[in-house]
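Visitor: mind looking at a prediction? Sequence and model below.
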Amino acid sequence: AQTVTQSQPEMSVQEAETVTLSCTYDTSESNYYLFWYKQPPSRQMILVIRQEAYKQQNATENRFSVNFQKAAKSFSLKISDSQLGDTAMYFCAFMGSSNTGKLIFGQGTTLQVKP
Amino acid sequence: DTEVTQTPKHLVMGMTNKKSLKCEQHMGHRAMYWYKQKAKKPPELMFVYSYEKLSINESVPSRFSPECPNSSLLNLHLHALQPEDSALYLCASSQNIWRQTNTEAFFGQGTRLTVV
């Protein structure tokens, strides 16, 4: 069974600084997707970034980038130039090749951006 | 339109009540999902509908009854709930359930359910 682990329950960062959130996962599959979702106090889960396992190049979306290490089964999220609006709970998620659409989430990291 | 709309946003119900949660999307997605989320915890999958047919039931108690009347609508009927069922119920949709083309799930803002 696949598992996703986020080992940092809470983190804080000063505005404009850079922060990295960690995620590891366990799977025996070779083709899968990995995602980072953001859930602000408004409750809506918003996709931040996704990575396809067969792509070696790390995904980047504006201030958000990932460090995908397939052999190590690691998928960390780097937020550059942190903004107050980045304050949220961040979930790492895995979707395997079972064609169910099922997302397996990590326990989440609460990020506080301080002014 | 990349929205998933859930109603109501908040719901308080007694243990003997019957209520329904509603979810709607107009993105042409053919997969829709119900997740349950407790405070400070990750969402847990409850049900998956693919092309209006129930494809996954994650051993959810029968007091939760999903329904997909058409490709845009997903309902969750609630009956005889327990206080421990109080949670945020999130609806999501995606293009389909096939990994190769299912690149993103869009979530609604959820319904905050309190069972008294």
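Guide: Alright, I've got the coordinates. This is a predicted model, so every value here is computed, not measured.
Visitor: neighbours of B:S59, just the number please.
Guide: If you count neighbours by other C-beta atoms under 10 Å in any protein chain shown, B:S59 ends up with 5. Bear in mind the C-beta positions are built from the backbone N, C-alpha and C, glycine included.
Visitor: measure it to chain A for me?
Guide: Note on B:S59: its distance to chain A, by C-beta to the nearest C-beta, to the nearest Å, is 13 Å.
Visitor: helix or strand: which one has that residue?
Guide: Of the helices and strands defined by DSSP states H and E, none includes B:S59.
Visitor: got phi/psi on it?
Guide: The main-chain torsion angles of B:S59 are listed as degrees, to the nearest 10 and equal phi 50, psi 40.
Visitor: and it, how close does it get to B:L76?
Guide: Using C-beta to C-beta, to the nearest Å, we find B:S59 at a distance of 16 Å from B:L76.
Visitor: same check on B:K38?
Guide: Taking C-beta to C-beta, one finds B:K38 at 16 Å from B:L76.
Visitor: what does chain A have sitting close to chain B?
Guide: Taking C-beta under 8 Å from any C-beta of the partner chain as the criterion, chain A approaches chain B at residues A:31-33, A:35, A:37, A:42-47, A:50, A:89, A:91, A:95-103, A:105-108, A:110.
Visitor: what residue ranges in chain B score low on pLDDT?
Guide: Flagging of chain B using pLDDT under 70 yields the residue ranges B:1-2, B:99-102.
Visitor: tell me which residue is most central in it.
Guide: Computing the C-alpha centroid of chain B and ranking residues by C-alpha atoms, centre = their mean puts B:W34 first, at 2.7 Å.
Visitor: which of the three states applies to that one?
Guide: Using DSSP: H, G, I helix; E, B strand; the rest coil, the structure places B:W34 in strand.
Visitor: correct me if wrong: it contacts B:L90.
Guide: Yes. Counting by C-beta atoms under 8 Å, B:L90 is a contact partner of B:W34 at 7.4 Å.
Visitor: picking that back up, give me the subset of the residues of chain A next to chain B lying in helices.
Guide: Per DSSP state H, helices hold no members of the residues of chain A next to chain B.
Visitor: chain A contacts on chain B?
Guide: Close to chain A, as judged by C-beta under 8 Å from any C-beta, chain B has residues B:31, B:33, B:40-43, B:45, B:48, B:50, B:55-56, B:88, B:90, B:92, B:94, B:96-99, B:102-110, B:112.
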